[in-house]
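**Q** could you look at this predicted model? Sequence included:
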Amino acid sequence: MLKMLIGLCASLLYFGLSSYKLSAQVDNSSFFERKQLFEESGLYAGINTFGFLRHKAFDNNIADGYSLLGYQINPYLAWQPGARFRIDAGIYMLRDFGANGFRQISPTFSFTYQEPGFRMIMGNLDGALNHRLIEPFQNFERVIDRRQETGIQFLVENERIFWDTWLDWRNDAQPGSNQKESVFAGTSAFLTFSKDDEYTFGVPIQVTAQHFGARLDTTGIPANTLLNYAIGASLAWNGGDNTFMQQVKFEPYLAFYRTLGTATMPLETGEGYYLNFTLDNQAFDFMISYWFGQDFYSHEGGYLFSSIGNKWDNPLQIENKRELLFLRFYKDIKMEEGLVISFRFEPYYDLQNQFLEYAGGLYFSYRPSFLLSQKVQSTK
């Protein structure tokens, strides 16, 4: 099986280099929901919709296999009184097909302040995949089961810098509470040091912290912070949007895991190596990823990358070494303004346990907005 998979990789790579374009970390831009200023001041109505079908044919000791099928709806009103900020208010609903009612219904509210190259958001953040974290740090399925993040966020974006710093207040604990307060915070940055029409070189830096407080609750469990941090490199050759081979990219990462606190964890320190080679083309995008982890864990990360299992019937199963080889095929089809259909097929081979499994999905995103009333400018 291993020889057959290596042969398949080599064949696809040869075929890709002769006719496709490679890119490394998976491009999740079709899933982004970004709160940015409109061109005109006034009152707007909009709706963020997302349909998902994801299937994981897993039978391993670390991650469950299951299917997710449903939709998300987030209608909202946005008031933009001037050139620097907007206020949004709406409602978010998550429905799983085959289940009674909605899994989640919650109000949404955000205040966005924007200057050239800078945004600050308080309330519902540009969260989930918008942080652009590597999959060992953030599970792709967070766009389904934890899309709404609430707190404060600062973003710097220009030709040379992407810098996202956020604090997502997950769980509030009042004095005497029987549950712990929980906060997910982090920084995700990409610094571009060299860029021209043909080549781009940059350095990604990522730090996340999952904090569980203990001052106010009655659980008796000590406070703990789970820390993940990574540094990488990104080298890309750009063929151009009008060429069949659009981009070839290589991105290696060093990733680390640490615990800070007195609570006991099955594993307290670990590290991993994450190598990505991507080929982007006009037909579809193809990517090879290699992961080697030693005692690695991330509370928010993809389950397959962890050395601590997450299965419902066998939690906390330990596999100290995780060595995985992924093949990823994905395609975004832009049907019209705001409407995107995304397809993904991701087989992987477990090099330690020598078996092959796969995951796949089909996703629909539609995010229109409409100007209801333009703000009348004062003549004074």
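**A** The structure has been received and is ready for your questions. Here the structure is a predicted model, which is why all the values come from computation and not from measurement.
**Q** element containing the nearest residue to residue 111 once chain neighbours are set aside?
**A** Leaving aside its sequence neighbours, residue 111 sits nearest to residue 122 (Cβ to Cβ, 6 or more residues apart in numbering; 4.9 Å). To be clear about C-beta, it is placed using only N, CA and C from the backbone, and glycine gets the same treatment. Per DSSP states H and E: residue 122 is located in strand 118-124.
**Q** pull the CA atoms of that strand into PDB?
**A** Only the C-alpha atoms of strand 118-124 are listed here, as PDB (Å, rounded to 0.1, in the frame of the first residue of the first chain):
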ATOM      1  CA  PHE A 118      -5.900  48.600   9.600                       C
ATOM      2  CA  ARG A 119      -9.200  47.300  11.100                       C
ATOM      3  CA  MET A 120     -10.400  46.900  14.600                       C
ATOM      4  CA  ILE A 121     -13.500  44.700  15.400                       C
ATOM      5  CA  MET A 122     -15.300  44.400  18.700                       C
ATOM      6  CA  GLY A 123     -18.200  41.900  19.000                       C
ATOM      7  CA  ASN A 124     -18.500  39.100  16.400                       C
END
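**Q** which residues sit against that strand?
**A** Applying Cβ atoms under 8 Å, 6 or more residues apart in numbering, the contact partners of strand 118-124 are 35-36, 88, 92, 108-114, 148-157.
**Q** give me the beta-bridge partners of the residue nearest to residue 111?
**A** residue 111, residue 152 (DSSP bridges).
**Q** tell me the SS of residue 27?
**A** Recorded secondary structure, residue 27: coil (DSSP: H, G, I helix; E, B strand; the rest coil).
**Q** can you tell me the centre-most residue of this structure?
**A** residue 129 (2.6 Å; Cα atoms, centre = their mean).
**Q** distance of it from residue 29?
**A** To residue 29, residue 129 is 9 Å away according to Cβ to Cβ, to the nearest Å.
**Q** which stretches of the stretch 51-200 of the chain form helices?
**A** With DSSP state H, counting those that start in this stretch as the criterion, the stretch 51-200 of the chain has helices at 142-145.
**Q** got any ranges where the stretch 251-380 of the chain has weak pLDDT?
**A** 263, 376-380 (pLDDT under 70).
**Q** one more time with 90
**A** Applying pLDDT under 90 to the stretch 251-380 of the chain flags residues 260-265, 280-285, 312-316, 334-338, 374-380.
**Q** one more: the stretch 101-250 of the chain?
**A** Within the stretch 101-250 of the chain, the segments meeting pLDDT under 90 span 171-181, 194-199, 212-224, 237-247.
**Q** where along it do the strands fall?
**A** 104-115, 118-124, 150-157, 161-171, 182-195, 199-212, 224-232, 234-238, 245-261 (DSSP state E, counting those that start in this stretch).
**Q** okay, now the sheet partners of the fifth one, with direction.
**A** What that stands for is strand 182-195. Strand 182-195 is paired, per DSSP bridges, with strand 161-171 (antiparallel), strand 199-212 (antiparallel).
**Q** tell me what angle the longest one forms with strand 224-232.
**A** Spelled out, it's strand 199-212. 180 degrees (axes from the mean of the first three to the mean of the last three Cα atoms, to 10 degrees).
**Q** quick one: strand 199-212 to strand 245-261, angle?
**A** Using the same axes, to 10 degrees: strand 199-212 against strand 245-261 is 30 degrees.
**Q** dump strand 199-212 to CSV, restricted to CA.
**A** What follows is strand 199-212, C-alpha atoms only, in CSV (Å, rounded to 0.1, in the frame of the first residue of the first chain):
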residue,chain,number,x,y,z
TYR,A,199,8.6,35.2,-7.1
THR,A,200,7.3,35.8,-3.6
PHE,A,201,9.1,35.0,-0.3
GLY,A,202,7.5,35.4,3.1
VAL,A,203,7.6,34.2,6.7
PRO,A,204,4.4,33.0,8.5
ILE,A,205,4.4,33.3,12.3
GLN,A,206,1.5,31.9,14.4
VAL,A,207,0.8,31.7,18.1
THR,A,208,-2.4,30.5,19.8
ALA,A,209,-3.3,30.1,23.4
GLN,A,210,-6.3,28.3,24.9
HIS,A,211,-6.8,29.4,28.5
PHE,A,212,-9.0,27.8,31.1
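**Q** mind listing what's buried along that strand?
**A** 200, 202, 204, 206-212 (16 or more other Cβ atoms under 10 Å).
**Q** one step back: tell me the spacing between the residue nearest to the centre of the chain and residue 232.
**A** 18 Å.
**Q** just residue 321 next, same as before
**A** Relative to residue 232, residue 321 is positioned 21 Å away (Cβ to Cβ).
**Q** more crowded one of those two?
**A** Between residue 321 and residue 232, residue 232 has the larger neighbour count (other Cβ atoms under 10 Å), namely 21 against 12.
**Q** now the strands: where do they sit in the stretch 251-380 of the chain?
**A** For the stretch 251-380 of the chain, the strands defined by DSSP E, counting those that start in this stretch cover 269-281, 285-294, 308-310, 315-318, 321-336, 339-350, 355-366, 369-374.
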